[in-house]
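Sharing a model prediction with you, sequence too.
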Amino acid sequence: MNAPTDTEGEDRAAVGRWRLVAEPAVRNLIAVTGAIGLVGAFVVPTTSLFLTEAVAATPLMVGLFFAARSIAEIGTDVVVGAVSDRLRDRRTILVSTALLNAAGALCYTLLRDYYALLVAGIVCFGLGGACFGQLFAYTRELADRRGVDAPFFNGFLRSVTSLAWVVGPPLAFWMIAEWSFTVLYTATAALSLLAAVLCRWGLPRPGGPVAEGEDGNAEDVAGPPESGSAESASTAPGSAEPPPGLLGMFAGVGPRTMILLGSVVLLLAANAMYQIDLPLYVTRELKMSAQSAGLLLGVSAALEIPLMVAVGAWADRVGKRRLMIAATVCATLFFASLPFARNAPLLFAVQPLNAAWVAVALNIPVVALQDSLPGRPGTASALYSSAFKAGMFLGGLAVGTVATWTGYGQVFWLCAGLTALAGLLVLFLRSDTAPDSDTAPVRAAGPHPEDADPAHAADAAQPREGRAA
């Protein structure tokens, strides 16, 4: 019997991907991702306005509020991620964090004291914010269990989050204008409760045995679990040591992982600076309307949706490292062009570059981090989520400083410098082909085509559909 051709293998892989998306459990996961995305899209853009108008907070108090929340979320993300890898069922963490988000939203509906809201934000949204990273971890476990490539699956679900951010902020501000902050945050609490219910009763346990009659024979597709997979590390008795947990949360985080995290922080700091600075640049320097800034952000988010799906589908074929290098080039060109784009047509014309690099930065690094820490998707996803929030925190601080001294348009040059530096860090990975200590899967001796791409160091141990026999 002839081995299937590469084209036939790719066709089968594509069919397997979309068959997985059609499963009822995965549709529930899409609903959970959309609900959590809307929660963020409701809360993040409106909190500063809520504190200013409903609580009468000063600009300094608003800044301290966001800084305290960011620091709390960075710490809790890593701790929750490390603990979650020791649990038998990650859905427990998903339900708990969703309920904490609901509690935080209810506090926003009832409290009007700044310090009470600060405590509620740090405790409820600080811990509840870990839900974002845990969804990444759960997605990776489910993709490995079903034998579908993780970049595609992760990219597809990230596109759902992007869609939530296309419709969420306008809907949130409409609810504030038509009703009140109380209505907005009550709706946010309801969405969080819906996510908790779906996580508890609508999602399967990815590491558990395949139920009789379950759509798709996951074990036949994926084959036996590899030593580096999430399932083998956490559910196969005696096949691997359990994850190190809280006390050893940074075990196995070697130089390659740290370099990758550094590039993620730089990229996301630039993204945060852009999102903060763009409305001010458009309205104060270019004398355009605030609606133009919102439309620019919405157009970019809409373009990201198909690009995220495409990037996920191409990741294994093109290589994660190559995609990240291309993303840093697109980002640098985009930010370097913004000071010269001084009218609406030019600003809209460069948005495809923005969407292209963001589609990679919000998808590929988390998968690469999960590959570098096999069997510990919770820790890897938490590290990415923490890098995401650290980038936002540093970006927010940098915008205020640079804009005060040089003007809003000059902020984009700093963004271009940060993304160029991120690209250099990714290039530096090329000289470090040795995997991090104790985390790389064992491969057969001899050359391997993926050795040229360090981002693939752990990919060979992950089950994939569509490879030629």
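Thanks, I have the structure now.

Against residue 355, how distant is the most centrally placed residue in the chain?
Geometric centre of the chain, nearest residue: residue 362, 5.1 Å, by Cα atoms, centre = their mean. Per Cβ to Cβ, to the nearest Å, residue 362 is found 11 Å from residue 355. (C-beta placed from N, C-alpha, C; glycine too.)

Identify the nearest residue to residue 282 in space, disregarding sequence-adjacent positions?
Spatial nearest neighbour of residue 282, excluding adjacent residues (Cβ to Cβ, 6 or more residues apart in numbering): residue 293 at 4.4 Å.

Count the residues that sit near residue 260.
26 (other Cβ atoms under 10 Å).

Repeat that for residue 56.
10.

Then the one 5 residues further on?
Each residue near residue 61 was counted by other Cβ under 10 Å, and the total is 15.

which other helices and strands contact the helix or strand containing it?
Residue 61 belongs to helix 59-84 when assigned by DSSP states H and E. In terms of contacts (3 or more Cβ pairs under 8 Å, 6 or more residues apart in numbering; DSSP states H and E), helix 59-84 is packed against helix 47-53, helix 91-110, helix 114-120, helix 126-128, helix 130-146, helix 377-406.

Could you dump those into TSV and include mean neighbour count, mean pLDDT and distance to residue 297?
Shown next, in TSV, are those (neighbours: other Cβ atoms under 10 Å; pLDDT from 0 to 100; distance: least, Cβ to Cβ, whole Å):
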stretch	mean neighbour count	mean pLDDT	distance to residue 297
helix 47-53	17	82	16
helix 91-110	22	93	23
helix 114-120	16	92	26
helix 126-128	24	84	24
helix 130-146	27	80	19
helix 377-406	22	76	15
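
Which strand or helix spans the nearest residue to residue 262 once chain neighbours are set aside?
In this structure, residue 262 finds its nearest non-sequential neighbour in residue 425, 5.5 Å apart by Cβ to Cβ, 6+ apart. Residue 425 is located in helix 411-428, with elements delineated by DSSP H and E.

could you give me the average pLDDT of that helix?
The average pLDDT within helix 411-428 is 92.

Run the angle between that helix and helix 377-406 for me.
Taking axes from the mean of the first three to the mean of the last three Cα atoms, to 10 degrees, one finds helix 411-428 and helix 377-406 inclined to each other by 140 degrees.

outside of helix 411-428, which residues touch it?
259-260, 262-264, 266-267, 269-270, 273-274, 277, 281, 321, 324-325, 328-329, 331-332, 335-336, 338-339, 357, 398-399, 402-403 (Cβ atoms under 8 Å, 6 or more residues apart in numbering).

Mind listing what's buried along it?
411-412, 414-416, 418-423, 425-426 (16 or more other Cβ atoms under 10 Å).

Export only the CA atoms of that helix, formatted as PDB.
Output of helix 411-428 as PDB, limited to C-alpha atoms (Å, rounded to 0.1, in the frame of the first residue of the first chain):
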ATOM      1  CA  VAL A 411       5.900  57.000  21.100                       C
ATOM      2  CA  PHE A 412       5.700  54.900  17.900                       C
ATOM      3  CA  TRP A 413       9.400  55.100  17.400                       C
ATOM      4  CA  LEU A 414       9.900  53.500  20.800                       C
ATOM      5  CA  CYS A 415       7.400  50.800  19.800                       C
ATOM      6  CA  ALA A 416       9.400  50.200  16.600                       C
ATOM      7  CA  GLY A 417      12.600  49.900  18.700                       C
ATOM      8  CA  LEU A 418      11.000  47.400  21.100                       C
ATOM      9  CA  THR A 419       9.700  45.200  18.300                       C
ATOM     10  CA  ALA A 420      13.100  45.300  16.500                       C
ATOM     11  CA  LEU A 421      14.800  44.200  19.700                       C
ATOM     12  CA  ALA A 422      12.300  41.400  20.100                       C
ATOM     13  CA  GLY A 423      13.200  40.200  16.600                       C
ATOM     14  CA  LEU A 424      16.900  40.200  17.500                       C
ATOM     15  CA  LEU A 425      16.100  38.000  20.600                       C
ATOM     16  CA  VAL A 426      14.200  35.500  18.300                       C
ATOM     17  CA  LEU A 427      17.100  35.500  15.900                       C
ATOM     18  CA  PHE A 428      19.400  34.800  18.900                       C
END
